[in-house]
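Student: have a look at this prediction, sequence included:
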2 protein chains.
Amino acid sequence: MGEYVPPTLTVDSVVFQLDGNKLSVLLIKRAREPFIGWWALPGGYCAAGETTRDAMARILNNKAGLETGKLGLVEQLYTFDTVARDPRGHAVSVTYMGLGRDLQLEVGSHTQTPQFFPVDTLPKVAYDHDDIIHYALERLQSKVSYTNAVYALLPDTFTLTQLQQAYEAALEHPLDKRNFRKKFLSYDAIEPTGQQHKEGAHRPAMLYRFRETGLQELERSFD
Amino acid sequence: MGEYVPPTLTVDSVVFQLDGNKLSVLLIKRAREPFIGWWALPGGYCAAGETTRDAMARILNNKAGLETGKLGLVEQLYTFDTVARDPRGHAVSVTYMGLGRDLQLEVGSHTQTPQFFPVDTLPKVAYDHDDIIHYALERLQSKVSYTNAVYALLPDTFTLTQLQQAYEAALEHPLDKRNFRKKFLSYDAIEPTGQQHKEGAHRPAMLYRFRETGLQELERSFD
DNA sequence: ACAAAAGTGTTAAGAATACACCCATGT
DNA sequence: ACATGGGTGTATTCTTAACACTTTTGT
């Protein structure tokens, strides 16, 4: 047991945000082999003494200039391991999903041209990262269906239309306005702020906020 | 980057089966420090060049005398990492859930008194293994609710009463017989074999089998 | 004939769906 | 006055939940 050598451990992150009502994923351009020049999920090594969650924060900060404290929700997804995953040898990759809004990417000395891409027009990505992105998207969809997780994609106060658009972007299909409002309001997960949102030549919208800011299950679920 | 040292990587497994209509978990008695003499989930190191899935099979075989080919379903659960998890230092543990029926534990030179314990009367367990077991139980319950996963807890042919008992054991609450049958049969996930199951001084029961033996989503979900 | 589990249907309440017009504002 | 998005209710269908007796067998 003294000769024990653990596999390489890496962390890859799928960060979603809404970009003009389109669900988008954060990718970086790889600066070295393998897959140099390809777009990829921000990822890197996890070292002894560092939790995978800490490694995620460090890597997103270094490679994408993203402060994970700004994410409204972080959730571990799945741990992928295939001997062929990394051309340099066997690797195990723990993956995380992050949700945010209006995320700032602070360009630094190690950032690798981080950029958000709408999920429906992704470029070719390195490794098995398209599998990971699709896995994350499924998790996002199910999470958003039975919890209040959309809060992480929205500003603190928002209109019912914005809320519905966030759901539509995440679920990738349209919802009926009256049924959506009736059902969502019945959950009592949000409350009116009393404020109005004026914008453009039309009736102003009521602003709402979530009653609870943490992750909570909804009474019933959507599709 | 040449000085990269990965954390210790371990795999722990939660194997469930029905033991006389009681949902039970496989535990072993630890043979060495730390937690020597305590009951624990079967677990061990994952080495470079070995996938975590392969490590799971090897460890279950060595420590519990269980052939993972006999499991009807294996699913990765979650990857736990806390610096304090293992007194020997920082470790990352990938966890798996396995479901089976009538599992044989073949005692060998390395097996550590493997034994199934009903989930409602578990002994004290080592590490954070009670957290892992509860996590697995929740996953089992949700999996069984929206998929045909119970098939892995049942023999190839079974009566509707056995099916219902499997659900009740997994969900930990009773179900209404007529509603259960009506709803489950409406899924078309099972078919009658034409055979009957005679047992005891009462009307024989029809035997059913699952149409598909792999994991499939049900049209609607239970609770 | 009795004990034991198998099998079977109806009704009422709740949830999901489909659907169209008026309201408040800015220009 | 008109263009724009905000806001609202009802009828129908489907799903769920509650509930009790008859059937078939072995002893």
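Tutor: Yes, it's here.

Student: how about the residues of chain A near DNA strand C?
Tutor: A:176-179, A:182-183, A:198, A:200-204, A:220, A:223 (C-beta under 7 Å from any atom of the strand). Quick note: C-beta positions are derived from backbone N, CA and C, even for glycine.

Student: of the residues you listed, which is the most crowded?
Tutor: A:Lys183 (15 neighbours; other C-beta atoms under 10 Å in any protein chain shown).

Student: so it, which of the three states?
Tutor: helix (DSSP: H, G, I helix; E, B strand; the rest coil).

Student: distance to chain B and pLDDT for the residues of chain A next to DNA strand C - can I get that in TSV?
Tutor: Converted to TSV, the residues of chain A next to DNA strand C look like this (distance: C-beta to the nearest C-beta, whole Å; pLDDT from 0 to 100):
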residue	distance to chain B	pLDDT
A:Asp176	20	98
A:Lys177	25	98
A:Arg178	24	98
A:Asn179	19	98
A:Lys182	21	98
A:Lys183	17	98
A:Lys198	42	97
A:Gly200	41	94
A:Ala201	45	97
A:His202	40	98
A:Arg203	39	98
A:Pro204	40	98
A:Arg220	11	92
A:Asp223	11	81
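
Student: now for the residues you listed, which pair is the farthest apart?
Tutor: Across the residues of chain A next to DNA strand C, the longest distance by C-beta to C-beta is 36.8 Å; it joins A:Ala201 and A:Arg220.

Student: what is the longest strand anywhere in chain A packed up against?
Tutor: Using DSSP state E to define each element, chain A has its longest strand at strand A:73-86. Applying 3 or more C-beta pairs under 8 Å, 6 or more residues apart in numbering or on different chains; DSSP states H and E, we find strand A:73-86 packed against strand A:8-19, helix A:52-64, strand A:89-100, helix A:129-146, helix B:52-64, strand B:73-86.

Student: given the last one, what are its sheet partners and their directions?
Tutor: For strand B:73-86, sheet partners with direction are given as strand B:89-100 (antiparallel), following DSSP bridges.

Student: quick one: average pLDDT of the strand it pairs with?
Tutor: The pLDDT scores in strand B:89-100 average 94.

Student: what residues of the very next helix or strand once past it count as buried?
Tutor: Next in sequence after strand B:89-100, counting helices and strands by DSSP states H and E, comes strand B:115-118. Neighbour counts using 16 or more other C-beta atoms under 10 Å in any protein chain shown place B:116-117 of strand B:115-118 among the buried residues.

Student: which residues touch strand B:115-118?
Tutor: With contact meaning C-beta atoms under 8 Å, 6 or more residues apart in numbering or on different chains, strand B:115-118 is reached by B:17, B:19, B:22-29, B:39, B:103, B:105, B:123.

Student: can you do 6 Å?
Tutor: Outside strand B:115-118, the residues that touch it by C-beta atoms under 6 Å, 6 or more residues apart in numbering or on different chains are B:19, B:22, B:24-27.

Student: again with stretch A:168-185
Tutor: Contacts of stretch A:168-185 (C-beta under 6 Å, 6+ apart): A:18, A:21, A:23, A:140-141, A:144, A:160, A:164.

Student: hmm, back to that, among the contacts of strand B:115-118, who's most crowded?
Tutor: Going by other C-beta under 10 Å, B:Leu27 tops the contacts of strand B:115-118 with 26 neighbours.

Student: who does it form a beta bridge with?
Tutor: B:Gln115.

Student: pull out the buried positions in the host helix or strand of A:Thr193.
Tutor: Per DSSP H and E, A:Thr193 falls inside strand A:190-197. If you call a residue buried by 16+ other C-beta under 10 Å, then strand A:190-197 has these buried ones: A:Ile190.

Student: what's it packed up against?
Tutor: Using 3 or more C-beta pairs under 6 Å, 6 or more residues apart in numbering or on different chains; DSSP states H and E, the elements in contact with strand A:190-197 are strand A:205-210.

Student: can you give me the domain assignment for chain A?
Tutor: Domains of chain A are assigned by automatic domain parsing as A:8-145, A:147-210.

Student: fine by me, thanks again.
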